[in-house]
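# Prediction below, plus the sequence it came from.
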Amino acid sequence: MRRIALNPVYLVGVGLALQPLDCPAQETADSLRAAEQAVSLRISPGDTVVRLSDFVEFRAVALGAAGDTVELAVKWITSAGAIQARGESESLGRFEPDGTGQHRITATADSGRLRDSIVVVVVGGLGGYPNEPPGLTVLGEHSFPAGYFGADDHFSAAATYTAPGSRWHMRDLSLKLHLETAIANAPMSPPGTMGMAYPAGMLSSGEPASFGFYIPEQSELYVSYHFMMQSNFDNGMWELEPAGVKILGYISYGDGSQQNQGFPLFKPGGRQRGPLSARSDYLGKADACRDYVGEPNRITLDEWHQFEFYGKLNDMGEANGILRIWLDGELYSECDLMSYITESWPHGFWQVHFQPVWGGWHEGLRKTQDDYAYLDHIYVSGISKQDPPTR
């Protein structure tokens with residue numbers, strides 16, 4: 001019997017099949033040659049958005065000078081959450097977030113010589129927005145982090161997420177009436193909140209601040225945020241203007257220049273101890289629709305409440321649009337006879353606008369006490385008016 005040298009190495013013997021011998025030295029040499037050929041590492045997809053309740057899977061590929069794929073082992077690193085390496089050479093990384101905000105995902109190869117990083121923006125999952133319909137795309141999210149107040153660009157840069165084509169904006173009416181307030185028990189993204197002051201002496205139609213979110217026209221729109229109305233320290237009440245107080249903002253639609261087409265407002269006027277009611281005043285709402293489903297007086301002072309809005313445009317010429325409002329997850333207002341758009345006013349939902357006006361119809365009327373209200377974490381999603389629904 002004699003030994004024959006082959007590459008890889010085989011033993012030949014009587015009654016034995018050819019069997020390869022392990023050759024770790026050869027494998028090491030192959031790996032070294034592959035590492036020498038690789039000049040870059042690329043993660044796909046690139047920067048992306050994922051909901052808190054979901055996961056996303058990335059792939060890291062080493063590339064040669066000519067753009068050819070080079071097989072190399074990959075290591076994954078995340079600034080938060082968990083990422084699990086999978087697949088051959090662990091080139092796949094499954095990222096599961098554990099909190100909202102921006103997270104950095106990094107892949108390395110060849111002992112760290114090659115690396116690539118991408119940013120994942122984690123937005124609130126369906127668990128935080130109980131009545132968000134499936135199939136909507138996240139358009140924006142703002143958590144009011146420290147230092148958010150300022151000009152449009154500054155306010156927009158502080159947002160948690162802004163979809164392409166959308167823009168956050170702010171108009172500084174009076175720094176004295178806007179409060180960048182830290183509240184430890186804010187329900188969604190403590191401690192940052194938007195505080196609004198309504199001081200004694202404020203005239204009817206006065207407002208603490210004006211800000212909002214421009215979006216490409218949507219055929220369906222969902223909005224969520226939390227709010228709290230703080231009772232006056234002296235008497236335990238909140239003073240409302242007889243025409244109503246529009247703390248909960250506006251939805252812009254139909255008319256492409258009129259911002260305040262639909263809004264909820266608190267009534268009646270005078271000092272109120274609560275619980276309060278919020279009437280739904282949306283242009284195009286049929287008289288047959290109800291303002292309230294069940295008990296109207298559900299808004300207590302000194303407690304956080306979640307406000308959710310969902311709207312779906314009507315077909316042109318038909319009164320078949322949909323309006324839903326929920327308070328603390330429970331249905332509050334509904335209408336299936338909405339006429340959001342007409343031939344004269346054909347624009348889809350194009351802005352979520354906060355102009356928290358104290359009344360507006362009683363010239364010379366002034367507030368007699370100091371009051372405060374707070375907003376926490378605005379979330380907006382929708383379906384583009386240009387894209388057909390996928391459901």
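Received the coordinates, thanks. Being a predicted model, the structure only gives us computed values, none of them experimental. Residues are numbered from 1 along each chain as shown.

# tell me which element the residue nearest the centre of the chain falls in.
The structure's the chain has its C-alpha centroid closest to residue 141; by CA atoms, centre = their mean the separation is 3.3 Å. In the assignment (DSSP states H and E), residue 141 maps to strand 137-142.

# Which of the residues in that strand are classified as buried?
138, 139, 140, 141, 142 (16 or more other CB atoms under 10 Å). The C-beta positions use only the backbone N, C-alpha and C, and glycine is treated the same way.

# And stretch 346-365, by the same measure?
Neighbour-count burial for stretch 346-365, counted by 16+ other CB under 10 Å, picks out 346-360, 365.

# List the contacts of the closest residue in space to residue 279 that isn't next to it in sequence.
Sequence neighbours aside, residue 291 is the residue nearest to residue 279 in space, at 5.2 Å (criterion: CB to CB, 6 or more residues apart in numbering). Residue 291 sits next to 279, 280, 333 when contact means CB atoms under 8 Å, 6 or more residues apart in numbering.

# correct me, but the second one touches residue 325?
Yes. Counting by CB atoms under 8 Å, residue 280 sits close enough to residue 325 to count as a contact (6.0 Å).

# and the next element down the chain from the top strand by length along the chain?
Counting by DSSP state E, the longest strand found in the chain is strand 210-230. Remark: after strand 210-230, the chain's next helix or strand is strand 238-240, criterion DSSP H and E.

# helices and strands around that next one, which ones?
strand 270-272 (3 or more CB pairs under 8 Å, 6 or more residues apart in numbering; DSSP states H and E).

# Which parts of this structure belong to which domain?
Each domain of the chain is listed here as a residue range: 38-123, 126-384, per automatic domain parsing.

# how about the helices in the stretch 101-250 of the chain?
152-157 (DSSP state H, counting those that start in this stretch).

# Any regions of it where pLDDT drops low?
Counting by pLDDT under 70, the stretch 101-250 of the chain shows low-confidence ranges at 124-127, 150-152, 172-176, 178.

# residue ranges of the strands in the stretch 251-391 of the chain, please?
Assigned by DSSP state E, counting those that start in this stretch, the strands in the stretch 251-391 of the chain fall at 262-267, 270-272, 277-282, 305-312, 321-327, 330-338, 347-354, 371-384.

# Let me know the average pLDDT across the fourth one.
In this model, strand 305-312 has a mean pLDDT of 95.

# what packs against that strand?
Using 3+ CB pairs under 8 Å, 6+ apart, strand 305-312 is in contact with strand 210-230, strand 250-254, strand 321-327.

# Which of these sits closest to residue 315?
Among those, strand 321-327 comes nearest to residue 315, with 8.3 Å by CB to CB.

# Let's see that closest one as CSV, backbone CA atoms only.
In CSV, the C-alpha atoms belonging to strand 321-327 read as follows (Å, rounded to 0.1, in the frame of the first residue of the first chain):
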residue,chain,number,x,y,z
GLY,A,321,-66.5,59.0,4.3
ILE,A,322,-65.6,57.6,7.7
LEU,A,323,-64.9,59.4,11.0
ARG,A,324,-63.9,57.7,14.3
ILE,A,325,-62.7,59.3,17.5
TRP,A,326,-61.6,57.3,20.6
LEU,A,327,-60.9,58.5,24.1
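
# elements contacting that strand?
Looks like strand 321-327 contacts strand 277-282, strand 305-312, strand 330-338 (3+ CB pairs under 8 Å, 6+ apart).

# Mind listing the strands that strand pairs with, and their directions?
strand 305-312 (antiparallel), strand 330-338 (antiparallel) (DSSP bridges).

# by how many degrees do the strand holding residue 141 and strand 371-384 diverge?
Calculated by axes from the mean of the first three to the mean of the last three CA atoms, to 10 degrees, strand 137-142 forms an angle of 160 degrees with strand 371-384.

# Deepest in the core, which of the domains of the chain is it.
Ranked by mean neighbour count, the domains of the chain are led by domain 126-384 with a mean of 18 (mean count of other CB atoms under 10 Å).

# Kindly state the beta-bridge partners for residue 254.
For residue 254, the beta-bridge partners under DSSP bridges are residue 347.

# about what we covered before: can I get the helices and strands packed on strand 321-327 in JSON lines with distance to residue 89?
Below are the helices and strands packed on strand 321-327 laid out as JSON lines (distance: least, CB to CB, whole Å):
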{"stretch": "strand 277-282", "distance to residue 89": "56"}
{"stretch": "strand 305-312", "distance to residue 89": "45"}
{"stretch": "strand 330-338", "distance to residue 89": "51"}
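
# what's the closest of those strands to residue 106?
That would be, of those and by CB to CB, strand 305-312, which comes in at 35.8 Å.

# gap between the closest one and the chain center?
14 Å (CA atoms, centre = their mean, to the nearest Å).

# Quick one: residues in contact with that strand.
129-133, 187, 219-228, 248, 251, 253, 262, 264, 298-299, 321-329, 338, 340, 349.

# for stretch 66-81, same thing?
For stretch 66-81, with CB under 8 Å, 6+ apart as the criterion, the contacting residues are 31, 34-35, 37-38, 41, 60-64, 83-85, 89-91, 93, 95-99, 101, 103-110, 114, 122.

# Understood, closing this out.
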